[in-house]
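1. A predicted structure for the sequence below; I have some questions about it.
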Amino acid sequence: MKGGAARNSRDEAGPGGEAKGSAEGRSWRPSEWAAGRPAKDDAGAGKQHAALFAESRYPSATTCGTCHPRHFEEWAVSQHSYAQLSPAYMALQNFINLNVNGTNGDFCIRCHNQVGMNMEEPTGISNLERHPTSREGITCIVCHRVGNIYNKASGRIALVEGDLLQPVYGPSGGAELKRVLDNRDKYRVVTSADEPGRKIHTEVIEFKEMSTSTFCGTCHDVTLLNGFRLEEAFSEYRASPAAAEEETPFAALQGLKGQDHGSNDA
Ligand code: HEC
Ligand code: HEC
Ligand code: HEC
Ligand code: HEC
């Protein structure tokens, strides 16, 4: 970031939120958009530390992928993994924020990037400054570390924080996991932080609601602050004959892309 030409004023707002040049002449500055949420530590080693610490709070999809490779592969090529990286989304969000003096705030990003928002990253920093799990957009823990149905909350979701050992929420619960944990030596997994070896979540909490379309509707209806309905995949689906006929609403919304989320192969 340092010393670069001020091509993109957004990139000039450091984690501390100080805007450097480039935003002069505008009534709004990136630092204000970043809403005064300074990163805890800005220095080299401190930054590395912070990154490690964050991984222990919000594990990456690559970590989950070591044991769930098929789920990882399907997710990695889906739009969900692209939600915080999409240049179209970034450009549109920046354009809007610049033109409404920042009053749009976290409206876009809180639905495209829950990890970053839970970590209290500033909204207006470059993706290069974000924690790797934050760049993953709608990543594994955004769906599997959520124990509530939020309905149409415009994507404002509180994630359950913690390292890999923390429970995950899944459709069928922990029976299969229990079998694995009862045979730790065979499967070579460990369940405490100080034991060396391959760590695993210690529990799966059954969360049947995640197999309903309402779960997806948390983010798949976008209503703008002025009430304009920008996206309404979920409402359209609910109003359609398909909703009445569909045995698993989840499968119907999935049909948006015609992709199967995948069977369990861990
Ligand atoms: C936490 C928010 C969130 C939840 C929950 C969520 N999605 Fe998404 N979804 C997104 C975002 C954001 C995008 C757009 C990503 C992008 O391209 O920038 C997206 C994109 C998609 C797409 C691609 C759409 C297209 O036009 O290419 C499909 C399909 C999809 N989601 C299906 C689902 C299904 C099925 C569920 C429920 C199991 C679900 N989503 C739950 C946020 C969410
Ligand atoms: C957009 C939300 C969403 C994301 C992102 C997501 N999942 Fe899922 N996942 C689901 C839903 C919903 C189900 C339940 C599907 C059902 O009811 O059959 C599920 C089911 C599962 C299951 C249980 C077995 C199965 O296939 O039904 C595993 C394991 C799993 N996911 C792992 C992962 C991993 C690993 C990632 C990241 C690489 C991931 N998921 C990302 C929503 C998501
Ligand atoms: C409530 C959640 C939510 C909010 C808020 C939201 N989006 Fe999205 N966004 C989505 C979903 C879901 C999709 C996928 C839509 C689909 O294809 O059905 C999407 C898709 C997109 C896409 C097309 C795919 C891509 O990434 O290139 C762009 C661009 C985009 N959003 C930009 C924005 C901008 C800019 C804002 C703020 C004005 C915003 N979004 C606010 C959920 C949201
Ligand atoms: C060390 C291996 C390992 C790692 C790492 C791992 N899992 Fe699992 N996971 C398992 C095993 C084993 C099971 C039990 C068998 C099954 O249900 O697939 C399981 C089950 C699940 C289920 C299914 C629950 C259900 O209701 O069917 C979900 C969801 C899940 N894991 C998500 C995740 C997520 C998200 C991560 C990353 C934060 C992750 N897992 C990391 C091994 C692992």
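-> Thanks, I have it. Ligands and ions are numbered 1, 2, ... in the order given.
2. can you report how many residues lie near the closest residue in space to S134 that isn't next to it in sequence?
-> What sits nearest to S134 in space, not counting adjacent residues and going by Cβ to Cβ, 6 or more residues apart in numbering, is G116, at 3.6 Å. In short, each C-beta sits where N, CA and C put it, glycine included. A count of nearby residues for G116, using other Cβ atoms under 10 Å, gives 25.
3. so which other helices or strands are in contact with the helix or strand hosting G116?
-> Applying DSSP states H and E as the criterion places G116 in helix 114-118. Applying 3 or more Cβ pairs under 8 Å, 6 or more residues apart in numbering; DSSP states H and E, we find helix 114-118 packed against helix 109-112, helix 132-135, helix 140-144.
4. so which elements touch the longest one?
-> In terms of contact count using 3+ Cβ pairs under 8 Å, 6+ apart, helix 140-144 is assigned the packing partners helix 61-65, helix 114-118, strand 168-170.
5. which one of these lies closest to K208?
-> strand 168-170 (9.7 Å; Cβ to Cβ).
6. get me the contact residues on the stretch 1-150 of the chain for ligand 2.
-> 61, 64-65, 68, 71-72, 75, 80, 138, 140, 142-144 (Cβ under 6 Å from any ligand atom).
7. of all pairs in those residues, which one is the farthest apart?
-> It's H68 and I138 that sit farthest apart of these, by Cβ to Cβ, at 15.8 Å.
8. so which of these two has more stuff around it?
-> I138 (23 against 19).
9. and the pLDDT at the more buried one?
-> Turning to I138, the model gives it a pLDDT of 97.
10. tell me which element it is part of?
-> Assigned by DSSP H and E, I138 falls outside every helix and strand.
11. what's the closest non-adjacent residue to it?
-> Nearest non-adjacent residue to I138 (Cβ to Cβ, 6+ apart): H80, at 3.7 Å.
12. and the one you found, that's in a strand?
-> No. Counting by DSSP: H, G, I helix; E, B strand; the rest coil, H80 is not found in a strand; it is helix.
13. now do the contacts for it.
-> G137, I138, T139 (Cβ atoms under 8 Å, 6 or more residues apart in numbering).
14. mean neighbour count, the helices and strands packed on helix 140-144: which tops it?
-> Among the helices and strands packed on helix 140-144, ranked by average contacts under mean count of other Cβ atoms under 10 Å, first place goes to helix 114-118 (a mean of 24).
15. check whether that one comes near ligand 4.
-> No. With Cβ under 6 Å from any ligand atom as the criterion, ligand 4 is not reached by helix 114-118; the gap is at least 11.5 Å.
16. what lies in contact with that helix?
-> Residues contacting helix 114-118 (Cβ under 8 Å, 6+ apart): 58, 84, 106, 109-110, 130-131, 133-134, 136, 138-139, 141-142, 155-159, 161.
17. CA-only coordinates of that helix in PDB, if you can.
-> Taking Å, rounded to 0.1, in the frame of the first residue of the first chain, the C-alpha atoms of helix 114-118 are listed here in PDB:
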ATOM      1  CA  GLN A 114     -19.600 -11.900   7.400                       C
ATOM      2  CA  VAL A 115     -16.200 -13.000   8.800                       C
ATOM      3  CA  GLY A 116     -14.700  -9.500   8.100                       C
ATOM      4  CA  MET A 117     -17.600  -7.800   9.700                       C
ATOM      5  CA  ASN A 118     -17.500 -10.100  12.800                       C
END
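18. shaky segments in the stretch 51-200 of the chain?
-> In the predicted model of the stretch 51-200 of the chain, residues 51-55, 152-155 satisfy pLDDT under 70.
19. for ligand 3, what are the nearby residues on it?
-> S86, A88, Y89, L92, Q93, I96, F107, C108, C111, H112, S154, G155.
20. hmm, the fifth one is touching I109, no?
-> Yes. Q93 sits in contact with I109 when judged by Cβ atoms under 8 Å, with a separation of 6.8 Å.
21. out of the helices and strands packed on helix 140-144, nearest to A244?
-> strand 168-170 (27.4 Å).
22. what does the next helix or strand after the closest one rub up against?
-> Of the helices and strands lying after strand 168-170 in sequence (DSSP H and E), the nearest is helix 175-181. Under the criterion Cβ under 8 Å, 6+ apart, residues Y187, V189, T191, I200, H201, T202, E203, V204, N264, A266 lie in contact with helix 175-181.
23. much appreciated, bye for now.
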